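Chemist: This is the structure alone, sequence omitted:
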């Protein structure tokens, strides 16, 4: 193996650049040339790739987004596109591919492997919703940005003794809501994985105020309910309160990646290169117990589901459990 | 004059705490006792005030929001409430009042002055929309937060080569949009003070892409149009592009005040105390040419309008003016 | 058990307030009264403690430092002071104590337990240097602040094509240096746990420049060498370069705690209350595999040593390994 | 005039990139080609310049440092180097030059103008020490970073009830110290422009503690005294206190430029292009009363001195003036 390539696919996530840089640096360590594929799988099919140099990546380790650009490209499910991708790679004498993205992107990596071209996945998504691994690149940064925004909003909440309902990202997963919610000292955390009772939430918010809090925070995962809908319904349960809703939206995807996101992105980027050289393929990496783990794409994605930290969710229920 | 009081009114703004602290410290410098009125004019009418100590304020200089809490209280227009307010102040032997808030709050200060109780206003609002002064407490912090959010969003915008329309605060004024927009290198800035042509905006965005930009930003003042409405209409003009809308919302009100907001809040807080001691009333303070200025409430609010920095608006038009 | 107390000891660390708040909230959940001891063990001996209310803690979850103040107090090793501490606790009918601090503080907790007063430790130190646990409260925040500072310095480094040697905290441990160093893409990381060769560092820095980097970063743990000394010696090995040294110093101890620090501080604070109620004592908590773990103070501190992430250290050597 | 060039010289400052981008964009608006000179005056002499494109600058508006790199180059005082510089410019058919830097850099611009090549200066230095203008690019960012660091340190200061002496940058000017000091609520601000009495400082610090503060801050401009020296001397005056010194050092030069720095850098960058086209030369720009001003290099630098905001310095003395 003399040449490998790397691409980013799906939604961008802070830390992807650190992974790309690690792929290049570890490749150089092993004497490989590393190509960057621009615009994800679409760029791969169209041959939009070129040799990466240190100059392309060394400043980017501290920047959000992805220097390779990214895109969704459902057409990659079609076999003819997969074959064209392999042609493009072979044309450049590239022998292995690293795909940074979500579980959809891993299916793309798998399809190449099945056609004989070795590919390995690295989990890059702020949603943390990939089975097997406890961590995905960008999650820590997204929680950090969400928490910073919630802290800011709590200044206004306190000044006006208001209740704020704050919608955070996460697609179908409640991970960002749980971590940001516990960290913010939220009165309630609403996630798609757990049912909730609006009257119980109202009780908890009221009990918090009664105990001396001058504001209340409800952190709502986007996968559970839209914030406007929640606020409209919730207001009926607390007619005495001033309630506002805010959707944090796209700020959660951007900004400088945290140390944790950069360190794990770097670890996985380097490991992916090592694995390709060892002849592995059809697998993806993850972080469990703070170390890099390896998962079979077929096995893991089929037989496992992503699980939120239920223990933290319950912890928050206990911490806010008090009599009205 | 032996005792004065201070209150915050209307929407909270970062830097209000620095002004409160300056009122206390400058009061101490002059040998005065300083009372804090909690919950704005409503608290004043209800007698919700108490002696401030250094301990109440010295950590707060670096925190957003207002330690005195704030509230809107339109009932203060009623004379009986104004009289009750003066009773409450006199009960505590307080001889002067400093009101930190928007121009509505200044009318409250004026009404007390007209009834013989000296009051002075300090402009505290993130919207920067008060006539006479070029600066209001919280504006610089709001622009800072907005810009930080826009920078974060631009990471995603670049990764996906998207156009983002970002709605910022400012009520009827375009100031936050102009400053954040110029600072972000926006393709277009839309403010209530200036008309715009959707097709022209589309042209500019396209010309920017043509010139080499991998993303586009449109900064939209909330007073001009709602972001969803704008995006829906704009999409028809750029059907080839991926366009997203984001409303930054309440994060812009919170967070640690900037140095500028703290320095000017401190300057005005101290000056307000000096003026009360000199026997002035019915005036409010502002910052022009980087120094504290004094404005007559009646004269200035009646005869002047707040003006945005039209020169900066035009500068942005020039900087983005290029051929498609 | 009806009443418990909590104190912070040793150097302050961001997240301590989140732990204190969790102790109070979890105590309230179990129907306990929670006292705060001010000024660490010295305050305990002197009876400087009082009932905590929600109002004391609910804003503080987002603030660095410790609302209970802290201090070093070596005199607590004396038995008479330990006995006086227990007297003070019994006077207030307090039956259990939670001590947030470093391993020295755990010895204080242990001495009380040996005298029959149940006490439990929670690791709070930015240095991450406590045996058994992989994580201590404040470490993630310290790495975050250090990395942010390093990123800032790299702007200047790149502008002037300079090499910066940046000294980070960590006492005798290299943890902050390793995490911040890998995250920053450092050319070299110098820690007390690993020997290094100045000429080899010079080679790596030169090879990095040769490969296209326009600046170089060396992250130096304070436990390994003082920055001025390092720079003086290093300059002799790279006479052609512009080299500067910076000690980040105390900024690393402060600032808003990260989500991770707040979540784990909250988890451990709540768990400590549960354990006291279960009758446990003489233990301390930690985080392994992202979950709360329990360690016997005697057993763990005697038989274990803190270990740095050697794997990450070696990863950085590989990533920067290239020919000159 | 068809082609102009831009360079950065002296120490880097956040916002320089915004100025470079504005020069390019305004140049494009006027139909000019804009060249970037790399590595300051040295690069100019050596012919290290090339055509700038939108792609070179459009991401950089939000980044610190200077994309053109910078360097000190005292040899530019020699006439032969100035002549060689003009040759290099003429070789590329460049007719005007914009120099972003400190007053030393303006002398370089002036020398070219005197030799018949039109050049214009833009003040870029974090020190704010240029006569005539009230503002220099990077100053607001440096104050922002310094204040953020001071806020962080105050967390530790409060936790341990300590006095911190914090050295900030500014070369011979006290501007950063004054703005950051007032904003931080410092007990004392020490600047080179004003003498001070160590015993008086000690009195103020003690009086602050007496009034209820749980920590003290002294902000020290580097031009006044080195922090270690100050601390050593100060400790003798407050033997009862725990006093620590910190030099903030190079972090103050880096990081994302503030909105203010970007807006004014943009304003001046665009204006410099307009002026070159109008045939002006030998002048530099500045900001007074929040608008761009023009200064003759010879006249202004010879006859004026930079002045600090003495009013703010005195304000801080008043605010901290209280009886022990």
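Modeler: Yes, it's here. These figures come from a predicted structure and were not determined experimentally. Numbers count the residues shown, from 1 in each chain, chains lettered A, B, ... in the order given.

Chemist: use CA for all of it now, contacts and neighbours both
Modeler: Fine.

Chemist: As a check, name the ranges of all strands in the stretch 51-200 of chain A.
Modeler: Applying DSSP state E, counting those that start in this stretch to the stretch 51-200 of chain A gives strands spanning A:96-101, A:119-123, A:163-168, A:188-190.

Chemist: Redo those as CSV? Include distance to residue D:128, mean pLDDT and mean neighbour count.
Modeler: Output for the strands of the stretch 51-200 of chain A, formatted as CSV (distance: least, CA to CA, whole Å; pLDDT from 0 to 100; neighbours: other CA atoms under 10 Å in any protein chain shown):
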stretch, distance to residue D:128, mean pLDDT, mean neighbour count
strand A:96-101, 45, 98, 28
strand A:119-123, 46, 98, 30
strand A:163-168, 41, 98, 26
strand A:188-190, 48, 98, 26
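
Chemist: Looking at these, spot the one closest to residue B:323.
Modeler: Among those, strand A:96-101 comes nearest to residue B:323, with 37.0 Å by CA to CA.

Chemist: Pairing partners for the closest one, with directions?
Modeler: Paired with strand A:96-101 in the same sheet, following DSSP bridges, are strand A:3-8 (parallel), strand A:119-123 (parallel).

Chemist: Run through who's touching that strand.
Modeler: The contact list for strand A:96-101 (CA atoms under 8 Å, 6 or more residues apart in numbering or on different chains) reads A:1, A:3-11, A:16, A:105-106, A:109, A:117-125, A:272-273, A:276.

Chemist: repeat for stretch A:289-301
Modeler: Outside stretch A:289-301, the residues that reach it (CA under 8 Å, 6+ apart) are A:103, A:106-107, A:110, A:131-133, A:264, A:267-268, A:271, A:282-287, C:288-290.

Chemist: change it to 7 Å
Modeler: Residues from elsewhere that reach stretch A:289-301, judged by CA atoms under 7 Å, 6 or more residues apart in numbering or on different chains: A:106, A:110, A:131-132, A:268, A:282-287, C:289-290.

Chemist: Is it possible to mark the buried ones in these?
Modeler: A:106, A:110, A:131, A:132, A:268, A:282, A:283, A:284, A:285, A:286, A:287 (16 or more other CA atoms under 10 Å in any protein chain shown).

Chemist: And chain A, split by domain according to the record?
Modeler: Split into domains by automatic domain parsing, chain A comes to A:3-138+A:257-303, A:140-254.

Chemist: mind putting those in CSV, distance to residue B:156 included?
Modeler: Formatted as CSV, the domains of chain A follow (distance: least, CA to CA, whole Å):
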stretch, distance to residue B:156
domain A:3-138+A:257-303, 6
domain A:140-254, 6
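
Chemist: For residue A:311, give me phi and psi.
Modeler: Main-chain torsions, residue A:311, degrees, to the nearest 10: phi -60, psi -40.

Chemist: Just the buried residues out of the contacts of strand A:96-101, in ChimeraX syntax.
Modeler: Of the contacts of strand A:96-101, the buried ones go into a single ChimeraX selection, burial set by 16+ other CA under 10 Å:
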select /A:3,4,5,6,7,8,9,10,11,16,105,106,109,117,118,119,120,121,122,123,124,125,272,273,276
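
Chemist: Now do the closest residue to chain C within the stretch 151-300 of chain A against residue C:134, distance only.
Modeler: Here the stretch 151-300 of chain A gets closest to chain C at one residue, residue A:289, 4.2 Å apart by CA to the nearest CA. Using CA to CA, to the nearest Å, residue A:289 is found at 10 Å from residue C:134.

Chemist: Could you dump the buried ones among the contacts of stretch A:289-301 into TSV with pLDDT and distance to residue D:87 added?
Modeler: Formatted as TSV, these follow (pLDDT from 0 to 100; distance: CA to CA, whole Å):
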residue	pLDDT	distance to residue D:87
A:106	97	57
A:110	97	59
A:131	96	64
A:132	95	64
A:268	98	51
A:282	97	60
A:283	98	60
A:284	98	58
A:285	98	57
A:286	98	58
A:287	97	58
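
Chemist: Determine which two of the residues you listed are furthest apart.
Modeler: A:110 and A:287 (19.8 Å).

Chemist: looking at chain A, which helix or strand is least sure?
Modeler: Least confident element among the helices and strands of chain A, by mean pLDDT, DSSP states H and E: helix A:297-303 (a mean of 92).

Chemist: Alright, I will stop here.
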